[in-house]
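Asks: have a look; sequence and predicted model below, questions after that.
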Amino acid sequence: MSAKFGPAGSGDSFKALGYKSSLQIPEYLTKIGLDCFEYQCGRGVNIGSDKAKELGKIAKEQGIGISLHAPYYISMSSVEEEKRLNSVNYILASAKAVNDMGGDRIIVHTGSCGKIPRETALELAIDTMRIALNALKENGLSHIHICPETMGKVNQLGTLNEVIELCKIDDSLIPCIDFGHLNARELGILKTKSDFEKIFLEIKDKLGEDRLKVFHSHFSKIEYSQGGEKRHLTFEDNIYGPDFEPCLDLCIKYGCSPTFICESAGTQAEDAKQMKDYYTSISKI
């Protein structure tokens with residue numbers, strides 16, 4: 001096994017090259033030399049089952065893996081029970097869609113802390129996650145991995161430790177480590193290989209080596225302020241970071257085979273290829 005690389009959605013070059021339909025994304029990525037992509041359902045799961053299955057068939061034929069980003073408005077930590085139960089429905093709809101596509105991972109934002117203590121928000125999110133796991137099981141979708149994501153704004157639920165605590169609920173849960181988000185919420189904490197290694201070791205120590213080896217990841221450079229994340233940048237940025245090379249070096253060191261989804265602003269496919277090219281070069285050493 002080896003790491004896989006691809007973009008969140010497509011990118012500016014998708015339309016520039018004359019592509020129009022999401023069914024053409026696998027061809028587009030194959031031409032660039034990538035392995036996977038993350039279908040974006042941030043504003044809702046609006047793809048029908050037939051089209052999702054067609055996309056999955058095309059992707060499989062071209063060797064492209066698919067994950068799916070669940071709606072942004074999921075709030076597993078809401079104090080309102082109705083919002084939490086609605087979030088379970090959104091997770092279930094996301095799982096059904098990615099299953100039709102032939103994928104097995106959905107990436108989920110767990111919500112914000114609002115005006116309640118972080119500990120209370122985490123307790124609510126843990127309870128909602130348990131309900132979501134039961135919903136997947138009841139619908140024959142227990143093979144779909146929910147991947148709670150580390151978040152970039154300080155008031156959001158989604159520190160590394162909070163994501164790890166969520167993933168402790170069940171072995172099927174895989175952490176989505178967004179290194180750009182972690183760097184932004186901690187105001188530029190990821191500078192050296194040692195900084196990245198602390199994250200790898202935290203996952204290994206608390207979730208085990210098996211999940212470290214297959215973690216999901218988002219990667220981009222992100223501008224930040226005191227509140228954390230402001231906006232996604234491209235790999236051309238040399239101010240905010242983080243750089244991807246130390247992270248990929250550690251993937252080789254620890255024998256990891258993650259899925260890396262690049263979320264650069266418009267150049268996500270090209271920047272994902274930069275990551276893959278570097279990873280390929282160090283894999284041969």
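Replies: Received, thanks.
Asks: which SSE is the closest residue to residue 74 other than its chain neighbours in?
Replies: Leaving aside its chain neighbours, residue 74 sits nearest to residue 87 (4.4 Å; criterion: Cβ to Cβ, 6 or more residues apart in numbering). The way it works is simple: take the backbone N, C-alpha and C, and place the C-beta from them, glycine included. If you go by DSSP states H and E, residue 87 is part of helix 81-100.
Asks: burial measure for the nearest residue to residue 93 once chain neighbours are set aside, as a count.
Replies: Closest residue in space to residue 93, ignoring its immediate chain neighbours: residue 45 at 4.3 Å, by Cβ to Cβ, 6+ apart. By the other Cβ atoms under 10 Å criterion, the neighbourhood of residue 45 contains 23 residues.
Asks: residues touching residue 45, list them.
Replies: By Cβ atoms under 8 Å, 6 or more residues apart in numbering, residue 45 lies in contact with 70, 71, 90, 93, 94, 96, 97.
Asks: where does pLDDT dip in the chain?
Replies: For the chain, applying pLDDT under 70 flags the ranges 285.
Asks: quick check: buried residues in stretch 52-71?
Replies: Buried residues in stretch 52-71, defined by neighbour count with 16 or more other Cβ atoms under 10 Å: 52-53, 55-56, 58-59, 64-71.
Asks: sorry, slip of the keys, the one I care about is stretch 265-285.
Replies: For stretch 265-285, a neighbour-count test (16+ other Cβ under 10 Å) marks 265, 267, 268, 269, 270, 271, 272, 273, 274, 275, 276, 279 as buried.
Asks: so which of these belong to helices?
Replies: Among these, DSSP state H puts 268, 269, 270, 271, 272, 273, 274, 275, 276, 279 in helices.
Asks: in TSV, list the residues you listed along with distance to residue 245.
Replies: Below are these laid out as TSV (distance: Cβ to Cβ, whole Å):
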residue	distance to residue 245
268	18
269	19
270	17
271	13
272	14
273	15
274	10
275	9
276	13
279	9
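Asks: re the thing from before, what count of nearby residues applies to the residue nearest to residue 74?
Replies: The burial count assigned to residue 87 is 27, neighbours taken as other Cβ under 10 Å.
Asks: these two touch, right, it and residue 80?
Replies: No - assessed by Cβ atoms under 8 Å, residue 87 is found out of contact with residue 80, at 10.3 Å.
Asks: residues in contact with residue 282?
Replies: Going by Cβ under 8 Å, 6+ apart, residue 282 touches 248, 249, 252.
Asks: kindly apply the preceding question to residue 121 instead.
Replies: Applying Cβ under 8 Å, 6+ apart to residue 121 gives the contacts 77, 111, 112, 113, 114, 157.
Asks: now the helices for the chain?
Replies: For the chain, the helices defined by DSSP H occupy 12-16, 25-32, 49-61, 81-100, 118-138, 160-167, 179-185, 193-207, 209-213, 245-253, 268-283.
Asks: possible to save these as CSV with distance to residue 148?
Replies: Putting the helices of the chain into CSV (distance: least, Cβ to Cβ, whole Å) gives the following:
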stretch, distance to residue 148
helix 12-16, 28
helix 25-32, 25
helix 49-61, 23
helix 81-100, 11
helix 118-138, 7
helix 160-167, 5
helix 179-185, 12
helix 193-207, 12
helix 209-213, 12
helix 245-253, 19
helix 268-283, 21
